[in-house]
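Colleague: what follows is a predicted protein model with its sequence.
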Amino acid sequence: MITKKTEYAIKALWELSQNTDNLTTSKEIAQRQAIPPKYLPQIIAALSQAGLLTSTRGYGGGLKLSRPAEEITLLHVIEAIQGKPKLFECLLGHFDCDHQPQCRLKSVYNKAQDALESVFRRTRLSDVNF
């Protein structure tokens, strides 16, 4: 499941991708993308730690993508904010299930999981449009 925080992160990075010549402040991102400002510090910290954006402090400071939008996939963003996306709780590895280890659905769940990750891996920030 994609969280609201991850959705905000995608929108924030997309906003930065639209203004590659200048630094953008978190306040501008929040206003333009209707992101509650209270979420941005955590989001910015996680995206920065993942190497997806850089920040400059002080007067005239702001945020920018650390690499071109064509090199950032949605999977990069999702993993930076919430870790590996999982469709089914049992794929997380810490779920007690009466059907383990002979679960007949697990192979289907794994195929669906692989398809989901493939879509996010192939979709680049530059492909997204809000």
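Modeller: Sure, I can see it.

Colleague: for the chain, give me the ranges with low pLDDT.
Modeller: Along the chain, the model assigns pLDDT under 70 to residues 89-101.

Colleague: what's near enough to touch the most centrally placed residue in it?
Modeller: When C-alpha atoms, centre = their mean is applied to the chain, the residue found nearest the centroid is residue 77 (2.5 Å). Residues in contact with residue 77 (C-beta atoms under 8 Å, 6 or more residues apart in numbering) are 6, 9, 10, 13, 47, 52, 125. For the C-beta atoms, the positions are set from N, CA and C on the backbone; glycine is no exception.

Colleague: report the separation between the first one and residue 56.
Modeller: Looking back up the chat, that one is residue 6. As for residue 6, its distance to residue 56 is 25 Å (criterion: C-beta to C-beta, to the nearest Å).

Colleague: looking at those two, which one has more neighbours?
Modeller: Between residue 6 and residue 56, counting by other C-beta atoms under 10 Å, residue 6 is the more crowded of the two (20 against 11).

Colleague: how about the more buried one: what's its closest non-neighbour residue?
Modeller: In this structure, residue 6 finds its nearest non-sequential neighbour in residue 81, 4.4 Å apart by C-beta to C-beta, 6 or more residues apart in numbering.

Colleague: next up, the contacts around the one you found.
Modeller: 3, 5, 6, 9, 43, 46, 47.

Colleague: in CSV: those, plus distance to residue 34.
Modeller: CSV is the format used below for the contacts of residue 81 (distance: C-beta to C-beta, whole Å):
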residue, distance to residue 34
3, 16
5, 14
6, 16
9, 14
43, 14
46, 20
47, 18
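
Colleague: farthest-apart pair in the residues you listed, please.
Modeller: 3 and 47 (14.1 Å; C-beta to C-beta).

Colleague: who has more neighbours, the two?
Modeller: Between residue 3 and residue 47, residue 47 has the larger neighbour count (other C-beta under 10 Å), namely 26 against 12.

Colleague: now the phi/psi pair for residue 61, please.
Modeller: The phi and psi torsions at residue 61 (degrees, to the nearest 10) take the values phi -80, psi 180.
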